[in-house]
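>>> Provided below are the primary sequence and the corresponding predicted coordinates.
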Amino acid sequence: MWHFRLWKVQDVAVFLCGTLYMCHIAGAISIHSPQRRLTRSVQEDVFFSVNVLCNGIPTIQWTFMSGEVSRSIGIWQPGVYTNLTVDYSSRVQTYNNGSMGLSDLQLQDAGYYVVTVTETTGSSKDTGFVLKVNELLYEDLQYLSVSALVLACLASLLILAVWLLDQAYRKIVAWGRRKQMPENDATELQPL
């Protein structure tokens, strides 16, 4: 027969307190993000939304990686200071919750963005975002211009057809009037 040992309330309380203490010692950092794959077009803005929860004041570092290129965007602490690199200083907006906005996107901004959160205890956690930047397609403008040219040609042909029909109508009306006129209407010319 199986014997089950029932835990006492005190045992459960000790277990939970120990678990919470271990999480506190480990510096439980959590980074939440609603969307990690973003697609934007050239010259648009992008917002990397994160919500950082941790004990104490975190240090937030954003890094850009693409192929063999890896460069720091900036490091800041909420409400303390902002330290952005020169390449991004005019295009980056920092937020206390760890989020970052990047304006006036270029094709070379496409890549992988990593946010690293470090606590004062030294523990850290990071998460990443993938940004795809689409080029403005001028094929759409070419399609539009070709369509406009075709419509202009059709309009010209319709105008020409209406003009030809008007000329034909006038000739038919003139021919009908001549037909109704008496044929023996002779006028005599008198000498001067």
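Received the coordinates, thanks.
>>> where exactly do the helices run in this structure?
9-26, 139-180 (DSSP state H).
>>> least confident of those helices, on average?
Of all the helices of the chain, helix 9-26 carries the lowest average pLDDT, namely a mean of 49.
>>> the residue minimising distance to the centre of the chain and S66: what is the separation?
Compute the mean C-alpha point of the chain, and by Cα atoms, centre = their mean the closest residue is R40, 2.7 Å away. For R40, the distance to S66 equals 15 Å [Cβ to Cβ, to the nearest Å]. (Each C-beta comes from the backbone N, C-alpha and C, glycine too.)
>>> quick one: contacts for I75?
Contacts for I75 (Cβ atoms under 8 Å, 6 or more residues apart in numbering) come out as T59, I60, Q61, W62, N83.
>>> next one: the fourth one from N97, what distance?
Counting by Cβ to Cβ, the gap from W62 to N97 is 13 Å.
>>> returning to that earlier point: setting aside sequence neighbours, what's the nearest residue to the residue nearest to the centre of the chain?
V46 (5.0 Å; Cβ to Cβ, 6 or more residues apart in numbering).
>>> and for G74?
L84 is the one closest to G74 (Cβ to Cβ, 6+ apart), at 3.7 Å.
>>> per-residue confidence at that neighbour?
For L84, the predicted pLDDT is 83.
>>> any buried residues in the strand ranked longest in the chain, and which?
Counting by DSSP state E, the longest strand found in the chain is strand 124-134. If you call a residue buried by 16 or more other Cβ atoms under 10 Å, then strand 124-134 has these buried ones: K125, T127, F129, L131, V133.
>>> what sits up against stretch 119-129?
Identification of contacts with stretch 119-129 by Cβ under 8 Å, 6+ apart yields 26-27, 29-31, 33, 36-38, 48, 50, 54-59, 112-118.
>>> cool, and stretch 135-151?
By Cβ under 8 Å, 6+ apart, stretch 135-151 touches S41, V42, Q43, L107.
>>> coming back round to it: so between W62 and N97, which is more surrounded?
Between W62 and N97, counting by other Cβ atoms under 10 Å, W62 is the more crowded of the two (25 against 13).
>>> now the more buried one: closest residue in space, sequence neighbours ignored.
In space, W62 is closest to I73, 4.1 Å off (Cβ to Cβ, 6+ apart).
>>> domains in the chain, by residue range?
29-134, 138-177 (automatic domain parsing).
>>> looking at those domains, which one is packed in the most?
Highest mean neighbour count among the domains of the chain (mean count of other Cβ atoms under 10 Å): domain 29-134, with a mean of 15.
>>> so how far is it off the chain centroid?
Chain-centre distance of domain 29-134: 17 Å, with Cα atoms, centre = their mean, to the nearest Å.
>>> then stretch 153-169?
With Cα atoms, centre = their mean, you get 47 Å for stretch 153-169.
>>> returning to what we had before: bridged to the residue nearest to the centre of the chain, which residues?
Judged by DSSP bridges, the bridge partners of R40 are V133.
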